[in-house]
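sequence-free structure coming up:
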């Protein structure tokens, strides 16, 4: 448990990529993809963080725009500045906040990362990936079956992309397990695949854009 009594500064990612509030949504989308990040803080002209935009936000906005304008593409991101659609406010912790406390913040707000603030600026980000590193170093022997979320949300291999993207939003999950006709897992359809497929026809099958990369573990596997 000592690992979880360590300040988040021990595990946080120090580089924080920010975007001006004038940044158009399509550019925010490109930024997330190019840097392989799931969220970006939005700053005003005084470089103060005023909110965030995440993959979840882009997926929701893109699907709404497509449905509103009856377009055939999976996603259509409106060409508006980030300040018009961002979620105001930003959840932060201090650099001396303990890992266990930061984990509680993630759980309470159902988010995947929390930004680390010092003074008026952001100096890092502590994400679920960083939390996993703390778990690995702690050598926690708890079986994953005792901590896992259940059930796993699935989508058929031949389901249309529109259905898969909407299921991500309604289920409030970041990924779906893609299953074949026999119910066997064959891949993943996550927010990443959904955003990468923004220009694909919405009635295309999930199989066309899913990722075959996945890891299946026994419920008895130690954390």
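Right, received. Where do you want to start? Keep in mind it's a predicted model, so treat the numbers as computed, not measured.

can I see the domain layout of the chain?
2-138, 146-208 (automatic domain parsing).

reformat those domains as a markdown table; add mean neighbour count, distance to residue 216 and mean pLDDT.
For glycine as for every other residue, the C-beta is placed from the backbone atoms N, C-alpha and C. Below are the domains of the chain laid out as a markdown table (neighbours: other Cβ atoms under 10 Å; distance: least, Cβ to Cβ, whole Å; pLDDT from 0 to 100):
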| stretch | mean neighbour count | distance to residue 216 | mean pLDDT |
| --- | --- | --- | --- |
| domain 2-138 | 17 | 17 | 90 |
| domain 146-208 | 16 | 7 | 93 |
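
distance to residue 222 added to those, as JSON lines?
Listed next are the domains of the chain as JSON lines, based on distance: least, Cβ to Cβ, whole Å:
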{"stretch": "domain 2-138", "distance to residue 222": "10"}
{"stretch": "domain 146-208", "distance to residue 222": "10"}
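
looking at these, which is nearest to residue 219?
domain 146-208 (7.2 Å; Cβ to Cβ).

over to residue 150. Which of the three states is it?
What DSSP: H, G, I helix; E, B strand; the rest coil gives for residue 150 is coil.

what about it, distance to residue 163?
Distance of residue 150 to residue 163, given as Cβ to Cβ, to the nearest Å: 22 Å.

follow-up on the earlier one: nearest to residue 223, out of the domains of the chain?
domain 2-138 (5.6 Å).

gap between the closest one and the chain center?
Relative to the chain's own centre, domain 2-138 is displaced by 8 Å; criterion: Cα atoms, centre = their mean, to the nearest Å.

again with stretch 140-148
For stretch 140-148, the distance to the chain centre is 22 Å (Cα atoms, centre = their mean).

ok, the closest residue to residue 87 other than its chain neighbours - contacts?
The shortest distance from residue 87 to any non-neighbouring residue, by Cβ to Cβ, 6 or more residues apart in numbering, is to residue 51 (5.3 Å). Shown in contact with residue 51 (Cβ atoms under 8 Å, 6 or more residues apart in numbering): 41-42, 83, 86-90.

how about a cut-off of 10 Å?
Applying Cβ atoms under 10 Å, 6 or more residues apart in numbering to residue 51 gives the contacts 21, 41-44, 57, 82-83, 85-90.

over to residue 122?
By Cβ under 10 Å, 6+ apart, residue 122 lies in contact with 16, 18, 41, 43, 47-49, 90, 92, 115-116.

center of this structure - which residue?
For the chain, residue 38 is the residue whose C-alpha lies nearest the centre (Cα atoms, centre = their mean; 4.7 Å).

what's the closest non-adjacent residue to that one?
In space, and not counting its chain neighbours, residue 38 is closest to residue 55: 5.1 Å by Cβ to Cβ, 6+ apart.

kindly report the same for residue 48.
Going by Cβ to Cβ, 6+ apart, residue 48 has residue 120 as its nearest residue, at 6.6 Å.

any idea how far the one you found lies from residue 47?
Residue 120 is 9 Å from residue 47, where distance means Cβ to Cβ.

tell me which strands whichever strand or helix holds residue 52 pairs with, and in which orientation.
Using DSSP states H and E, residue 52 sits within strand 49-54. Strand 49-54 has its sheet partners listed here by DSSP bridges as strand 39-43 (antiparallel), strand 87-88 (antiparallel).
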